[in-house]
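Colleague: Just need the structure, nothing else, for what follows:
(chains A and B)
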There are 2 protein chains.
Amino acid sequence: MIQGVHFSLDTITWKELGWKSLAINLSDIAAMGGVPQYALVALALPEDTEVEDVAGLYEGMIELARQSQVAIIGGNVSRSPVVSVTITVLGNSLNNETMKRSTARPGDTIAITGYPGSAAAGLEMLTKKLRFGAETATYLRSAFVRPKPRVKEGQLLLKLGITTAIDTSDGLLADLRHICEASEVGARVNIDRLPVHPAVSSNFGERSHELALSGGEDYELLFTGSAEIIDRVRAEMEYPVTAIGEITSDEPGKISIIDADGNPVEITKTGWEHF
Amino acid sequence: MIQGVHFSLDTITWKELGWKSLAINLSDIAAMGGVPQYALVALALPEDTEVEDVAGLYEGMIELARQSQVAIIGGNVSRSPVVSVTITVLGNSLNNETMKRSTARPGDTIAITGYPGSAAAGLEMLTKKLRFGAETATYLRSAFVRPKPRVKEGQLLLKLGITTAIDTSDGLLADLRHICEASEVGARVNIDRLPVHPAVSSNFGERSHELALSGGEDYELLFTGSAEIIDRVRAEMEYPVTAIGEITSDEPGKISIIDADGNPVEITKTGWEHF
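Modeller: Numbers count the residues shown, from 1 in each chain, chains lettered A, B, ... in the order given. The predicted structure follows:
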């Protein structure tokens, strides 16, 4: 997490920065269905950093570390022109198994946890200083600055027989493409099935689908598996899971998007356009 | 290793930067007598970084990793305003034992590997553009940009019964102080016993002792133990080891420096002064 690249202290507090820096690393382990155990924290800080800021940063990290049963066991502190937080998380796999990106098969259902696009909507609200009601504002801010790594959900997926997963850091489509390329398959996504949160759909209107497909930093789990296993996942997971499409035998990495009537939706540089 | 703080690309090549970034992390494991095994590399690079620069960086890391039987198993790459290399090294302890900073006892002999002050002399040569003969210039440059982590030496120390060690990153005196504070002891250093390399003594004259005592980044091992064990270390280690003083029961952290006649040497802000 590098100041001016991944965050601005105008839109995130030190405590939130601590939380998020650890969260995005735990999320990588969640995507494998692993058990995080130890964290090493390398901080680079400008000379004028206040002690209370560093304390806040650690408060945020420690809060999430406790919740996740992760021990912060060491690290490093350096002087630097910009704030940078580099965290290394170590963990174990359950029964020596992990979910991978490379095992998706044509016919697999594609599913996702939570509400993609919420973090991107939160970032837009913060940078454009958009005004919303308190509940909406809290949800959107939290989605961006305080993502919850889906560690338990990842472990449940693995337990239920899911072998293919990734966490959505780059955005739903970009991360689905990572799965497709690693698995040498294509994918079809039903745009009307995207689980857009009401706080996003009611405030970002037409752009909601674009945010859900291309907005990054949600740190949700995107995974594939047989329709049967996905049904079991939906039954057993308390957190929302939505089936959004299917893995195809199209050329590797090719993703098509269709609307409710099965018609293709084209991606343009300015957004999403039906034709 | 942060550009503008720990290094400048005016004085170090990308390959040397790769070597040194890994070396300083292996050195921490060397100071415990441990066995390094895995390295994770988090790179932060400006947008205009050339591919060949990154290849050079990895060449330097891989060269040292091979020599040290360490596998580079992952990491991360980010955009950043300045170059930063953050490496996490994982390893094991031999027989569940490690050397610590907190076990020095009054009466212990203090010893050091190699020639302290060489890296600081190298840095001074590079930044002040001092001109020396080829052999001297090569030695001094190498001492600063290509430190050798004393991994095997650390393991031998532990095997021979040394329990107290630190690597000299901050400088001999500063790192000796770390041992003294952690062990709640004092120390006495004989300035005439400091092993100053001829390339330093013949070119830096009066300042050689100051460089040896205060110059950082040598990444040698500074350790303490009974005179008997230190003698065995000197007999068995191929790399030079020099006894330079003794741990005392002085107030914790107090280090006195004496000359050949046993007279105290005072540290002043401008250097070292006999009185």
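
Colleague: Not counting residues beside it along the chain, what's closest to A:Arg131?
Modeller: A:Ala137 (7.9 Å; Cβ to Cβ, 6 or more residues apart in numbering or on different chains). (Glycine included, C-beta is placed from N, CA and C.)

Colleague: Give the buried residues for the host helix or strand of the one you found.
Modeller: If you go by DSSP states H and E, A:Ala137 is part of helix A:134-145. Using 16 or more other Cβ atoms under 10 Å in any protein chain shown as the test for burial, helix A:134-145 gives A:136-137, A:139-141, A:143-145.

Colleague: Can you tell me the SS state at the closest residue to chain B within the stretch 151-275 of chain A?
Modeller: The stretch 151-275 of chain A approaches chain B most closely through A:Ser169 (11.1 Å), counting by Cβ to the nearest Cβ. Here A:Ser169 is recorded as coil under DSSP: H, G, I helix; E, B strand; the rest coil.

Colleague: what about it, how many residues close to it?
Modeller: By other Cβ atoms under 10 Å in any protein chain shown, the residues close to A:Ser169 number 19.

Colleague: Next: the one 4 residues further on.
Modeller: The burial count assigned to A:Leu173 is 20, neighbours taken as other Cβ under 10 Å.

Colleague: Next: A:Glu97.
Modeller: 13.

Colleague: ok now do the closest residue to it other than its chain neighbours, which residues does it touch?
Modeller: In space, and not counting its chain neighbours, A:Glu97 is closest to A:Leu158: 6.2 Å by Cβ to Cβ, 6+ apart. A:Leu158 makes contact with A:32-33, A:94, A:97-99, according to Cβ atoms under 8 Å, 6 or more residues apart in numbering or on different chains.

Colleague: Could I get the average pLDDT for the helix or strand A:Leu158 falls within?
Modeller: Under the criterion of DSSP H and E, A:Leu158 resides in helix A:151-159. What helix A:151-159 shows for mean pLDDT is 98.

Colleague: Next, the buried residues of that helix.
Modeller: Quick answer for helix A:151-159 (16+ other Cβ under 10 Å): A:151, A:153-158.

Colleague: quick one: which of the contacts of A:Leu158 is most hemmed in?
Modeller: A:Gly33 (27 neighbours).

Colleague: ok, that residue - contacts?
Modeller: Here A:Gly33 is in contact with A:93-94, A:97-99, A:154-155, A:157-159, A:162, A:165 (criterion: Cβ under 8 Å, 6+ apart).

Colleague: I'd guessed the residue nearest to A:Arg131 sits against A:Met125; true?
Modeller: Yes. Counting by Cβ atoms under 8 Å, A:Ala137 does reach A:Met125; the two are 6.9 Å apart.

Colleague: so what's the closest residue to A:Met99 other than its chain neighbours scoring on pLDDT?
Modeller: In space, and not counting its chain neighbours, A:Met99 is closest to A:Ala165: 4.0 Å by Cβ to Cβ, 6+ apart. pLDDT for A:Ala165: 98.

Colleague: Helix, strand, or coil at A:Ala165?
Modeller: strand.

Colleague: I'd like to check the angle between the biggest strand by length in chain A and helix A:151-159, please.
Modeller: Longest strand in chain A by number of residues (criterion: DSSP state E): strand A:35-45. Relative orientation of strand A:35-45 versus helix A:151-159 (axes from the mean of the first three to the mean of the last three Cα atoms, to 10 degrees): 140 degrees.

Colleague: Sort out which residues of whatever helix or strand comes next after strand A:35-45 are buried, please.
Modeller: Per DSSP H and E, the first helix or strand lying C-terminal to strand A:35-45 is helix A:51-67. Across helix A:51-67, burial judged by 16+ other Cβ under 10 Å covers A:53-54, A:56-58, A:60-62, A:64-65.

Colleague: Turn these into CSV, columns for distance to B:Val185.
Modeller: Shown next, in CSV, are the buried residues of helix A:51-67 (distance: Cβ to Cβ, whole Å):
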residue, distance to B:Val185
A:Asp53, 35
A:Val54, 31
A:Gly56, 36
A:Leu57, 34
A:Tyr58, 31
A:Gly60, 38
A:Met61, 34
A:Ile62, 33
A:Leu64, 39
A:Ala65, 35
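
Colleague: Which one of those is nearest to B:Leu211?
Modeller: A:Val54 (32.8 Å; Cβ to Cβ).

Colleague: ok, the closest one touching A:Leu45?
Modeller: Yes. At 7.0 Å, A:Val54 counts as touching A:Leu45 under the criterion of Cβ under 8 Å.

Colleague: Name the residues that touch the helix or strand hosting A:Ile87?
Modeller: Element membership of A:Ile87, judged by DSSP H and E, is strand A:84-92. Residues from elsewhere that reach strand A:84-92 (Cβ under 8 Å, 6+ apart): A:1-3, A:17-18, A:21-22, A:25-26, A:28-29, A:34-44, A:57, A:70, B:40, B:42, B:44, B:76, B:80, B:84, B:86, B:88, B:90.

Colleague: residues near the nearest residue to A:Gly114 once chain neighbours are set aside, how many?
Modeller: Of all residues not flanking A:Gly114 in the chain, A:Glu220 sits nearest, at 4.2 Å (Cβ to Cβ, 6+ apart). The number of residues packed near A:Glu220 is 31, by other Cβ under 10 Å.

Colleague: Identify the residues contacting A:Glu220.
Modeller: Counting by Cβ under 8 Å, 6+ apart, A:Glu220 makes contact with A:112-116, A:150, A:167-168.

Colleague: same thing but 10 Å
Modeller: Contact analysis of A:Glu220 by Cβ atoms under 10 Å, 6 or more residues apart in numbering or on different chains lists A:27, A:30-31, A:112-116, A:118-119, A:147-150, A:153, A:166-169, A:172, A:175, A:195, A:239-241.

Colleague: So what's the residue count around A:Ala227?
Modeller: A:Ala227 has 12 nearby residues by other Cβ under 10 Å.

Colleague: oh, I was asking about A:Ile29
Modeller: 25.

Colleague: What segments of the stretch 101-250 of chain A are strands?
Modeller: All strands of the stretch 101-250 of chain A, identified by DSSP state E, counting those that start in this stretch, fall at A:109-113, A:164-167, A:186-190, A:221-225, A:241-248.

Colleague: Please identify the deepest-packed of these.
Modeller: For these, the largest average neighbour count (mean count of other Cβ atoms under 10 Å in any protein chain shown) is found in strand A:221-225, namely a mean of 29.
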